[in-house]
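Student: For reference, the sequence and a predicted model appear below.
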Amino acid sequence: VDALVPAAANEPPPLAPPTPLHPDWQLLEELAGGNDSFIKQIVNTFLGEAPSLEEVLAAAFPQDADKVAQIAHKLKGQVAYFGVPVLHTQLDELERNARRHDCAHCEPLLLAIRQQLGQLYPHLQERA
């Protein structure tokens, strides 16, 4: 049977090539009600916390699935404000897999998340 099924059939589909990440500020602007200082506070809080959370996430992977799930959950909640649905979905998927202790195919996902966070930070710094 193995000879009939290509090895790639047992592997998850490859992640789509990354597309440039551009935040959609609409949700945050609506929540802020035009209060630019509130927007800056949210952005600065994220910029102050996310890089260290990202490092903890990378260090915990793959040996501490509970920590991976916890950090992915926290980052997911924070990126929701910035209108980056692909990153939000990837963090959700990482969190769900880690909660099930099913991280066999999470490494490419984690790499994609880190790449997108790296793209997000400069956009946020422009609004800070």
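Tutor: It's in.

Student: by contact count, what packs against the longest helix seen in the chain?
Tutor: Ranked by number of residues, the top helix in the chain under DSSP state H is helix 36-60. Helix 36-60 is packed against helix 26-32, helix 65-79, helix 107-127, with contacts defined by 3 or more C-beta pairs under 8 Å, 6 or more residues apart in numbering; DSSP states H and E. No exception for glycine: its C-beta is placed from N, CA and C like everyone else's.

Student: check contacts around the residue lying closest to Ala72 once chain neighbours are set aside.
Tutor: Nearest residue to Ala72, sequence neighbours excluded (C-beta to C-beta, 6 or more residues apart in numbering): Glu95, at 3.9 Å. Counting by C-beta atoms under 8 Å, 6 or more residues apart in numbering, Glu95 touches Val68, Ala69, Ala72, His73, Lys76.

Student: May I ask which of the residues you listed has the most neighbours?
Tutor: Ala72 (28 neighbours; other C-beta atoms under 10 Å).

Student: Give me the distance between it and His88.
Tutor: Distance of Ala72 to His88, computed by C-beta to C-beta, to the nearest Å: 11 Å.

Student: before we move on, what about Cys106?
Tutor: Distance from Cys106 to His88, by C-beta to C-beta: 16 Å.

Student: One more: Ala69?
Tutor: 15 Å.

Student: sorry, back to before: tell me the one among the contacts of Glu95 nearest to Glu126.
Tutor: Taking C-beta to C-beta as the measure, Glu126 sits nearest to Lys76 out of the contacts of Glu95, at 22.5 Å.
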